[in-house]
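Colleague: Next input, structure requested:
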Amino acid sequence: MHTEGEYLAGLIAATKGNYAAAEKEFGSAIQSQPKAIEFYMALAKVYAMQAKTQQAIQILVAAINVDPKDVEVRILFADQLQTSGDLGGSLKVFEGLFAEGIRTPEVITGLGLFNPLQIQKSCDRLALRFLGFSRGVGRIDQALREYSQKYPTEYPQEQSNPLG
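Modeller: Numbering: from 1, shown residues only. This next block holds a predicted model:
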């Protein structure tokens, strides 16, 4: 069968819930065109739908070996690592994506799942610094103004509305 035909047959089978047939079709498509990332993604998603997390991870590793920069593959890989309980591995993938400047909602959300404690610690440090700073200032609004001038990246002043 022609590779695109196998891929379409796999999509139809997956849509109908015939995951065994979808796995077979996507596997054949990968064999025929081992550089076609979308075939790996389709097979990984079929595995994920069946809670076959380890198989999904294995196929995603193969896809990453084909194209290490593919963002969608790496996001799905991080999600599957998280599902498998490998939170450290998932965080490492999301941090790598973020370090590369990738700021998709999936990356931001993925990082947010791991960092509530870190966010809380940062907020606590900021609050303690502000309390120490504001002791000599009588009014809170004056303390906020002075603090925002001294630490502009931690407490940025409101930007004017460019629309009016």
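Colleague: Domain-wise, how is the protein divided?
Modeller: If you go by automatic domain parsing, the domain ranges for the chain are 3-114, 118-150.
Colleague: In JSON lines, list those domains along with mean pLDDT.
Modeller: What follows is these, written out as JSON lines (pLDDT from 0 to 100):
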{"stretch": "domain 3-114", "mean pLDDT": "92"}
{"stretch": "domain 118-150", "mean pLDDT": "59"}
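Colleague: Reformat the ones you listed into TSV and put mean neighbour count next to each item.
Modeller: Quick note: C-beta positions are derived from backbone N, CA and C, even for glycine. TSV is the format used below for the domains of the chain (neighbours: other CB atoms under 10 Å):
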stretch	mean neighbour count
domain 3-114	17
domain 118-150	12
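Colleague: Leu60 sits in which helix or strand?
Modeller: helix 53-66 (DSSP states H and E).
Colleague: I should have written Gly88 there, sorry.
Modeller: Going by DSSP H and E, Gly88 is in helix 87-99.
Colleague: So which other helices or strands are in contact with that helix?
Modeller: Applying 3 or more CB pairs under 8 Å, 6 or more residues apart in numbering; DSSP states H and E, we find helix 87-99 packed against helix 71-84, helix 105-114.
Colleague: And those helices: which comes nearest Lys92?
Modeller: helix 71-84 (8.4 Å; CB to CB).
Colleague: how far away is Val61 from Lys45?
Modeller: 15 Å (CB to CB, to the nearest Å).
Colleague: Could you export the helices and strands packed on helix 87-99 to a markdown table, including columns for distance to Leu97?
Modeller: Formatted as a markdown table, the helices and strands packed on helix 87-99 follow (distance: least, CB to CB, whole Å):
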| stretch | distance to Leu97 |
| --- | --- |
| helix 71-84 | 6 |
| helix 105-114 | 5 |
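Colleague: Of the ones you listed, which is nearest Ser28?
Modeller: Minimum separation from Ser28 across the helices and strands packed on helix 87-99 (CB to CB) falls at helix 71-84, 19.8 Å.
Colleague: relative to helix 105-114, how tilted is that closest one?
Modeller: 30 degrees (axes from the mean of the first three to the mean of the last three CA atoms, to 10 degrees).
Colleague: can you list contacts of helix 71-84?
Modeller: Residues external to helix 71-84 that are found in contact with it (CB atoms under 8 Å, 6 or more residues apart in numbering): 37, 40-41, 44-45, 48, 53-54, 56-57, 60-61, 63-64, 67, 87, 89-90, 93-94, 96-97, 102, 104, 106-107, 110, 113.
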